[in-house]
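**Q** Structure, please.
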Amino acid sequence: MASKSEDTRQNQAVFWEGKLAERISLLTGEGVEAKTIDRDPAVKMIKARIKRAKARLRTIAAMARKIEDKARTKAEKLALPKEEKSRKKVAAEDVAEESKRQQKKKQKKEKKESDAVAQTQPQ
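**A** Numbers count the residues shown, from 1 in each chain. Here you go, the predicted model:
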């Protein structure tokens, strides 16, 4: 029962429900009580298989909903117009993106220039 197909799982659930009905009718025909039928190992096994098939069907449905939600969200995002950045914001972001090393180099260069200017001026 390793199929991931929803149709296959539905067919399996129907198959095992039929087997369960057959087993219960057989035991009832032999005159077995309802409590004993519930404790019958074959009945328990068949009920477990039905439970597994239905759990897998719920999982498959949840996965399908998730895929639909993702597709809808993606379509909504693509439908929105893109925002264009203004040139001022782009320039401000470029300045902010300088690394510390680049900032230190810039400060050192400015300091050298200011020292050079101070030396050339008479005191």
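**Q** any idea which helix or strand carries the residue nearest in space to the middle of the chain?
**A** Nearest residue to the geometric centre of the chain (Cα atoms, centre = their mean): Lys66, 7.5 Å. For Lys66, the element it lies in under DSSP states H and E is helix 41-79.
**Q** before we move on, what about Pro81?
**A** Residue-wise, Pro81 maps onto no helix or strand under DSSP H and E.
**Q** In contact with it, which residues are there?
**A** Counting by Cβ atoms under 8 Å, 6 or more residues apart in numbering, Pro81 touches no other residue. For the C-beta atoms, the positions are set from N, CA and C on the backbone; glycine is no exception.
**Q** If I look at it, what pLDDT would I see?
**A** Note on Pro81: pLDDT of 84.
**Q** and the helix or strand where Ser25 lies, what does it pack onto?
**A** In the assignment (DSSP H and E), Ser25 maps to helix 6-29. Secondary-structure packing of helix 6-29 (3 or more Cβ pairs under 8 Å, 6 or more residues apart in numbering; DSSP states H and E): helix 34-39, helix 41-79.
**Q** Now render those helices as CSV, adding distance to Gly18.
**A** Formatted as CSV, the helices and strands packed on helix 6-29 follow (distance: least, Cβ to Cβ, whole Å):
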stretch, distance to Gly18
helix 34-39, 16
helix 41-79, 10
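**Q** Can you tell me which of these is nearest to Val14?
**A** Proximity to Val14, assessed across those by Cβ to Cβ, is greatest for helix 41-79 (9.0 Å).
**Q** Now that closest one: buried residues?
**A** Residues of helix 41-79 classed as buried: 43, 46-47, 49-50, 53-54, 56, 60 (neighbour count, 16 or more other Cβ atoms under 10 Å).
**Q** Point to the helix or strand of the chain where mean pLDDT is at its lowest.
**A** helix 87-96 (a mean of 63; mean pLDDT, DSSP states H and E).
**Q** Helix or strand next in line after that helix, which one?
**A** helix 100-120.
**Q** any idea of the mean pLDDT in that following helix?
**A** pLDDT averaged over helix 100-120 gives 86.
**Q** And for that helix, what's in contact with it?
**A** Glu98.
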